[in-house]
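S.K.: 3D, please:
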Amino acid sequence: MIGLIRHFKVLHKPQRRWMTGPQFTRWVEQYDQGAIRSVPLASSDIEWDVCYCSPLSRATRTAAFLFDGPLIVSDHLREIGIHAVSGARIRMPLTLWLGLARLAWLFSHRSQVEGKKNVRLRAERIIDEIERRYPSSNVLIVSHGAFMRVLDKALHSRGYSGRTDLPPRNGKLYLFRRFPG
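M.R.: Model (predicted):
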């Protein structure tokens with residue numbers, strides 16, 4: 001069984017409602033280092049054998065809170081990077097910057113550093129590793145919202161059942177099982 005959890009909520013609010021491209025870029029950098037709000041996981045009788053997590057601090061801190069043991073930190077689980085679509089001084093709300101950056105990624109815009117193909121390959125590689133190293137284990141994965149959607153699709157393509165919310169909620173456990181046959 002594989003359990004997916006999006007890191008706990010990051011406590012980093014924008015200082016202003018409207019921001020320019022460079023201000024958005026700075027906000028993303030600060031968000032990546034922001035403090036998290038730890039909350040107990042809803043009761044589960046699952047004993048996790050191993051825990052994989054993204055190297056970003058919000059994921060490693062969440063994983064350390066949830067799993068009592070050594071963590072396997074994997075760059076394959078990091079969030080899909082987001083970048084301002086332009087460095088222009090146009091002011092827009094944070095939600096619009098975030099939405100435009102995700103749309104730019106979906107359409108392979110040159111403003112985004114990592115393409116869809118590479119992100120899908122990262123998801124496939126981490127699942128390959130987990131299935132090879134821990135074939136009959138309960139594996140907990142702590143990652144990020146956008147990347148979890150890619151993982152969700154990759155797991156389904158391999159015959160796992162389970163589903164994440166759209167978008168995945170912070171600190172919520174999503175279970176994926178693959179039944180023999």
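
S.K.: who are the neighbours in contact with L56?
M.R.: H7, D32, R78, E79, H144 (C-beta atoms under 8 Å, 6 or more residues apart in numbering). Just so you know, the C-beta spots here come from the backbone N, C-alpha and C atoms, and that holds for glycine as well.

S.K.: list phi and psi for the third one.
M.R.: The main-chain torsion angles of R78 are listed as degrees, to the nearest 10 and equal phi -70, psi 160.

S.K.: tally of neighbours for it?
M.R.: The tally of other residues near R78 (other C-beta atoms under 10 Å) stands at 20.

S.K.: with the fourth one instead?
M.R.: Using other C-beta under 10 Å, the number of residues around E79 comes to 20.

S.K.: swap in the last one?
M.R.: Here the neighbour count serves as a burial measure; for H144 (other C-beta under 10 Å) it reads 20.

S.K.: which non-adjacent residue is nearest it?
M.R.: Excluding the flanking residues, the one nearest H144 by C-beta to C-beta, 6 or more residues apart in numbering is E79, at 3.6 Å.

S.K.: do the same with the third one
M.R.: With C-beta to C-beta, 6+ apart as the measure, S54 is the residue that lies nearest to R78, at 4.8 Å, once sequence neighbours are left out.

S.K.: ok, and what's touching the biggest helix by length in the chain?
M.R.: Determined from DSSP state H, the single longest helix within the chain is helix 116-133. With contact meaning C-beta under 8 Å, 6+ apart, helix 116-133 is reached by 2, 52, 74, 76-77, 80, 105-106, 108, 139, 141, 147, 150-151, 153-155, 158.

S.K.: please apply the same query to stretch 15-25.
M.R.: So stretch 15-25 is in contact with 27, 83-94, 97, going by C-beta under 8 Å, 6+ apart.

S.K.: which ones among the residues you listed lie within strands?
M.R.: If you go by DSSP state E, the contacts of stretch 15-25 have M92, P93 in strands.

S.K.: so, low pLDDT: which residues of the protein?
M.R.: Residue ranges of the chain with pLDDT under 70: 41-43, 87-88, 181.

S.K.: what do you get if the cut-off is 80, keeping everything else the same?
M.R.: Low-confidence segments of the chain (pLDDT under 80): 14-16, 39-44, 85-89, 108-113, 179-181.

S.K.: grab the most central residue of the protein for me.
M.R.: Here the mean C-alpha position of the chain is nearest to the C-alpha of H144 (C-alpha atoms, centre = their mean), at a distance of 1.3 Å.

S.K.: quick check, it in contact with H7.
M.R.: Yes - counting by C-beta atoms under 8 Å, H7 is a contact partner of H144 at 6.4 Å.
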